[in-house]
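A.B. asks: pasting a predicted model and its sequence here:
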Amino acid sequence: EAAAAVGNELFFRERDLDKAGQMFKEAAAKGDVFGLNNLGSMLLNGIGGFEKNYTMAVDCFQRSADLVNPWGMYNLAVCYIYGYGVEANHAKALTWLRASATWDNPAAHLMLGLRYRDGQSVKVDYQQAYYHFDKA
């Protein structure tokens, strides 16, 4: 937890992405859910001294999601939506979005609201769209 907290400080306050990346990598190696998720984000975007590596990013998000991190769940869903490091699979994406939303992740609620409003891999359902937009 401490390494992930230091990584957040370096990332958000000091804007030292390379040092933050190393702290997230250290935290992830210890199984820290936030370290795993943040390392995955850096790998997905190719920042923090890391080359883009979608496969490793998905692995980090999966491990974070399995440890019940709502942001890991959300980021894993995004990978399934766009096919980053995995074959696009909207059913799996919905499963992870819904799981993340049960932990009141506002980004997951927003994404679900958009999907229900626009009928993206679900039937249009304005009642569900409103529910999720309201929760976001």
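C.D. replies: Cool, got the structure.
A.B. asks: let me see the contact set for the most centrally placed residue in the chain.
C.D. replies: By CA atoms, centre = their mean, the mean C-alpha position of the chain lies nearest to Asn75, the distance being 2.0 Å. By CB atoms under 8 Å, 6 or more residues apart in numbering, the contact set of Asn75 is Asn37, Gly40, Ser41, Leu44, Ala57, Phe61, Ser64. In short, each C-beta sits where N, CA and C put it, glycine included.
A.B. asks: show me where this structure has its helices.
C.D. replies: For the chain, the helices defined by DSSP state H cover 2-8, 17-29, 33-45, 54-66, 70-82, 90-102, 106-118, 126-135.
A.B. asks: redo those as TSV? Include mean pLDDT.
C.D. replies: What follows is the helices of the chain, written out as TSV (pLDDT from 0 to 100):
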stretch	mean pLDDT
helix 2-8	80
helix 17-29	93
helix 33-45	96
helix 54-66	98
helix 70-82	98
helix 90-102	98
helix 106-118	97
helix 126-135	97
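A.B. asks: residues near Asp134, how many?
C.D. replies: Neighbourhood size, Asp134 [other CB atoms under 10 Å]: 9.
A.B. asks: many thanks, I have nothing further to ask.
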